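Q: Pasted the sequence and its predicted model underneath.
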Amino acid sequence: MKFGIIGAGNMGRALALGLAQSGAVKAADVCVSNPHTQKLEQLKAAVPDVNVTTSNVECVREADVVVLAVKPWKLAEVVAEVAPAIDSRRQVVCSVAGGVGLTALQEMFAQAGANPLPPLYYLIPNTAIAQRQSMTFMCSAGSNRETDECLLAVFRQLGDAMLVEERLMNAGMVLASCGIANALRYVRAATEGGVQLGFRAADAQHIVAQTLRGAASLLDAEGAHAEAEIDKVTTPGGLTIRGLNAMEREGFSNAVVQGLLAAMPESERRG
């Protein structure tokens, strides 16, 4: 399977790096296009076997999967450019432009003269895809089960992936993509606390990061639940429950929930 990625910004670069390291596809089967060569040169230095070009049309021509990794306001322009070069019989198109749903994508391709429309996917990965640890959400239009499963298999090599109803895409973005920043904000706060407790900043960050890895691994067990794992370390009258209760008095859980709700489009906010 060959990938053509249009855009070498944060997400395009992260996807290319993840794919090249995953074994799901060969690095030589990944092509990335970008109008400015500096980002392409940086990517090529990191993964020499990846193909790079400044031509979007050249990038998509041999691809089985075309990924539009551009900003939402650039999407229509890029679709108009590449749509004539896409063969709807053998290629699928994925967009990672946040907030641009399937209906809008279909309209862009129709206006660009695509007939028939290619199978379209709206994807929301996160930047941890570069480390093959993304939580990726996808929904599709005009696809089939075989293609869905094929793409899911690829993106599960880059962390995990879920095929969901389009109505859940924004919620997935907030929980997992915005969630990267939320988790790292906790890391920063805990690191600062670690410094106050006496550790050097680099050591404190390492300790917090490893602790999060450990916490996440506990949830991988079948039937695991976060609250049950918390109960295992909160002995009666112990230090952990004192710390948790102090954080709750400061509004920890409510701050997390309110932050997630605030990141949702206003029309979709609940509670």
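A: Nice, I can see it.
Q: Just the residues contacting the longest helix along the chain, thanks.
A: As assigned by DSSP state H, the longest helix anywhere in the chain is helix 178-197. Contacts of helix 178-197 with the rest of the structure, by C-beta atoms under 8 Å, 6 or more residues apart in numbering, involve 126-128, 135, 201, 203-205, 207-209, 212, 256, 259-260, 263. C-beta coordinates here come from the backbone N, C-alpha and C atoms, glycine included.
Q: try it again with 7 Å
A: 126, 127, 128, 201, 204, 205, 207, 208, 209, 259, 263 (C-beta atoms under 7 Å, 6 or more residues apart in numbering).
Q: Next secondary structure element downstream of it?
A: Next helix or strand after helix 178-197 toward the C-terminus (DSSP states H and E): helix 201-218.
Q: can you name the farthest residue from the center of this structure?
A: Computed with C-alpha atoms, centre = their mean, the residue of the chain farthest from its C-alpha average is residue 237, at 40.6 Å.
Q: ok, residue 20 to residue 47 distance?
A: In this view, residue 20 and residue 47 are 5 Å apart by C-beta to C-beta, to the nearest Å.
Q: Which of these two has more residues huddled nearby?
A: residue 20 (23 against 18; other C-beta atoms under 10 Å).
Q: Skip the chain neighbours and tell me the closest residue to the more buried one.
A: Spatially, and ignoring its direct neighbours in sequence, residue 20 is nearest to residue 27 (3.9 Å; C-beta to C-beta, 6 or more residues apart in numbering).
Q: Let me see the confidence value for the one you found.
A: If you check residue 27, the pLDDT there is 93.
Q: OK, contacts around it?
A: 20, 47, 49, 50.
Q: how near is it to residue 76?
A: Distance, residue 27 to residue 76, by C-beta to C-beta: 31 Å.
Q: and what of residue 127?
A: Taking C-beta to C-beta as the criterion, residue 127 is separated from residue 76 by 24 Å.
Q: and what of residue 186?
A: Counting by C-beta to C-beta, the gap from residue 186 to residue 76 is 37 Å.
Q: picking up where we left off before, rebuild the contacts of helix 178-197 as JSON lines, extending it with pLDDT and neighbour count.
A: Compiled in JSON lines, the contacts of helix 178-197 are given as follows (pLDDT from 0 to 100; neighbours: other C-beta atoms under 10 Å):
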{"residue": "126", "pLDDT": "93", "neighbour count": "22"}
{"residue": "127", "pLDDT": "91", "neighbour count": "17"}
{"residue": "128", "pLDDT": "93", "neighbour count": "20"}
{"residue": "201", "pLDDT": "97", "neighbour count": "11"}
{"residue": "204", "pLDDT": "97", "neighbour count": "20"}
{"residue": "205", "pLDDT": "98", "neighbour count": "18"}
{"residue": "207", "pLDDT": "97", "neighbour count": "15"}
{"residue": "208", "pLDDT": "97", "neighbour count": "20"}
{"residue": "209", "pLDDT": "97", "neighbour count": "14"}
{"residue": "259", "pLDDT": "94", "neighbour count": "15"}
{"residue": "263", "pLDDT": "91", "neighbour count": "18"}
